[in-house]
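Colleague: I need the structure of the sequence given here:
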Amino acid sequence: MTMPEADTYPLISIITLNWNTTDVTCEFLRSIREQNNYPRIEVIVVDNASSEDPTAAFLTAYPDAIVVRNEANLGFSAGNNAGIRAAKGEYLFIVNNDTEFTPGLLEGLLKIFRTYPDAGMASPKFHYFFEKGTIEYAGYEQVNILTGRNGMVGCREKDEGQYDEVRPTHYVHGGGMMVPRRVVDEVGLMPEIFFLYYEELDWSEQIKRKGYSIYYQPASLIYHKESMTTGRSSPLKTFYLTRNRILFMRRNVAWPAFLVFTTYFLFFTMPKNTLSYLVRGQSAHLKSFWKGVLWQFNSKISFK
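Modeller: Below is the predicted model:
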């Protein structure tokens with residue numbers, strides 16, 4: 001008996017976020033049109049109040065796109081949550097606009113949920129777009145309780161098949177993560193308190209606490225242009241990485257471990273970063289770093 005199409009090919013909602021990067025998003029949309037063979041998708045582009053309305057450009061690049069325009073820049077979490085609310089898919093693929101698809105990307109990710117009943121989220125293998133063949137992500141290491149940081153498995157290594165086995169990993173990559181709608185309904189939307197950075201790590205922790213596992217799928221490959229919106233190094237990035245590094249630890253580690261982290265941050269990270277920014281004459285970064293620290297005591301402090 002032939003299975004109904006909805007069972008064979010459940011609807012996948014592809015959700016991406018745009019903020020003043022219209023050309024980058026159009027390149028992303030064209031890559032879906034040219035590389036994707038999965039037959040049942042909807043493409044949702046959420047615009048975070050760009051200075052000019054990019055709708056016409058998006059519809060030229062991908063005529064069937066659904067464009068959601070936010071009235072303000074809501075950040076990564078709340079911006080993508082607007083897309084999740086608009087989505088109709090059984091599976092959601094939340095993906096950065098500075099990525100490009102490769103054939104079989106969606107099929108491989110979907111296979112994870114059909115193969116592993118405990119799967120709550122899954123991410124593909126990431127290669128650097130401008131260094132194809134070089135791995136960015138083949139899974140995530142656990143956040144270190146001392147430093148509040150973690151690393152990507154395989155990062156900067158030449159891909160010679162050394163990470164070509166499906167395996168559980170600690171966290172999804174925020175640049176490309178598939179999650180079933182039923183899991184979102186159970187756990188909740190992406191945590192909006194983070195605004196930018198660390199939100200996918202926190203969301204992964206929430207999902208794991210419900211008994212699910214996070215998977216890395218090497219059979220799916222995506223190319224990542226990396227930091228096209230915020231830049232590789234900017235005061236904004238410094239503020240949110242500092243702020244959210246501490247916030248993540250506050251929300252996700254037990255009190256004894258948080259005390260270890262706090263001691264390290266107070267006596268090592270703060271003096272080291274302060275001195276480093278002073279020596280380099282990076283006053284804007286120094287100000288952003290201290291704002292990120294002080295936000296923990298006054299949430300009204302902002303980047304601006």
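Colleague: what kind of secondary structure is M177 in?
Modeller: Following DSSP: H, G, I helix; E, B strand; the rest coil, we place M177 in the strand state.
Colleague: What is the burial count for the nearest residue to G151 once chain neighbours are set aside?
Modeller: Among residues not flanking G151 along the chain, E141 sits closest, at 4.9 Å (CB to CB, 6 or more residues apart in numbering). Glycine gets a C-beta too; all of them are placed from N, C-alpha and C. By other CB atoms under 10 Å, 14 other residues sit near E141.
Colleague: Surely E141 is in contact with R149?
Modeller: No: counting by CB atoms under 8 Å, E141 stays clear of R149, with 9.4 Å between them.
Colleague: burial count for Y277?
Modeller: 19.
Colleague: Then I14?
Modeller: Applying other CB under 10 Å, I find that I14 has 29 neighbouring residues.
Colleague: Surely it touches I44?
Modeller: Yes: counting by CB under 8 Å, I14 does reach I44; the two are 6.8 Å apart.
Colleague: For the stretch 51-200 of the chain, which residues score under the pLDDT cut-off?
Modeller: Residues of the stretch 51-200 of the chain meeting the criterion pLDDT under 70: none.
Colleague: Skipping adjacent residues, who's closest to G120 in space?
Modeller: Here the residue nearest G120, using CB to CB, 6+ apart, is Y212, at 2.6 Å.
Colleague: Pop out the phi and psi values for that neighbour.
Modeller: Dihedral angles of Y212 (phi, psi; degrees, to the nearest 10) stand at phi -90, psi 160.
Colleague: What is the neighbour count of it?
Modeller: There are 21 residues near Y212, going by other CB under 10 Å.
Colleague: Against F126, how distant is it?
Modeller: 21 Å (CB to CB, to the nearest Å).
Colleague: So what's the gap between the longest strand along the chain and the chain middle?
Modeller: If you go by DSSP state E, the chain has its longest strand at strand 213-224. Strand 213-224 sits 13 Å away from the centroid of its parent chain (CA atoms, centre = their mean, to the nearest Å).
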